[in-house]
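Undergrad: Based on what follows, work out the 3D shape:
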Amino acid sequence: MEKEALKAQLKTQIIQFLNLTDLTPADIKDDEPLFGDGLGLDSIDSLELIVLLKKEYGINIQDPKEGRKALVDINTMVNYIEANGKK
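TA: Here you go, the predicted model:
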């Protein structure tokens with residue numbers, strides 16, 4: 001899948017999985033941190049994102065350090081999916 005299409009799909013999935021009904025994909029910047037001052041997600045949301053990666057892309061993250069590296073922002077998640085996802 002082309003990178004921009006994957007970013008758009010991922011943003012839509014994040015909104016659906018985390019029930020962020022007040023957001024649209026356009027509200028999520030590609031380089032905005034997902035946690036803390038950026039999008040404001042928390043540790044429970046990170047678990048949901050790990051489930052999303054497993055369910056939608058076949059990526060199984062076991063190590064919390066690996067999860068922290070993969071879930072920085074949309075750009076990082078897309079690169080991680082491209083490198084580790086099942087095609």
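Undergrad: packing partners for the lowest-mean-pLDDT helix or strand in the chain?
TA: Of all helical and strand segments in the chain, the minimum by mean pLDDT, DSSP states H and E falls on helix 64-70, at a mean of 90. Contact partners of helix 64-70 among helices and strands, from 3 or more Cβ pairs under 8 Å, 6 or more residues apart in numbering; DSSP states H and E: helix 43-57, helix 74-84. C-beta coordinates here come from the backbone N, C-alpha and C atoms, glycine included.
Undergrad: How about residues contacting that helix?
TA: With contact meaning Cβ atoms under 8 Å, 6 or more residues apart in numbering, helix 64-70 is reached by 46, 50, 53, 61, 76-77, 80.
Undergrad: got it, and stretch 50-59?
TA: Identification of contacts with stretch 50-59 by Cβ under 8 Å, 6+ apart yields 13-14, 17, 60-61, 67, 70-71, 77, 80-81, 84-86.
Undergrad: likewise stretch 13-20?
TA: Stretch 13-20 is contacted from outside by 21, 23-25, 28, 41, 45, 48-49, 51-52, 56, using Cβ under 8 Å, 6+ apart.
Undergrad: One more: stretch 72-84?
TA: Applying Cβ under 8 Å, 6+ apart, the contact partners of stretch 72-84 are 3, 6-7, 10-11, 28-34, 38, 49, 53, 57, 59, 69-71.
Undergrad: Show me how to select, in ChimeraX, the buried members of these.
TA: Restricted to buried positions by 16 or more other Cβ atoms under 10 Å, the ChimeraX selection for the contacts of stretch 72-84 reads:
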select :6,7,10,11,28,34,49,53,57,59,70,71
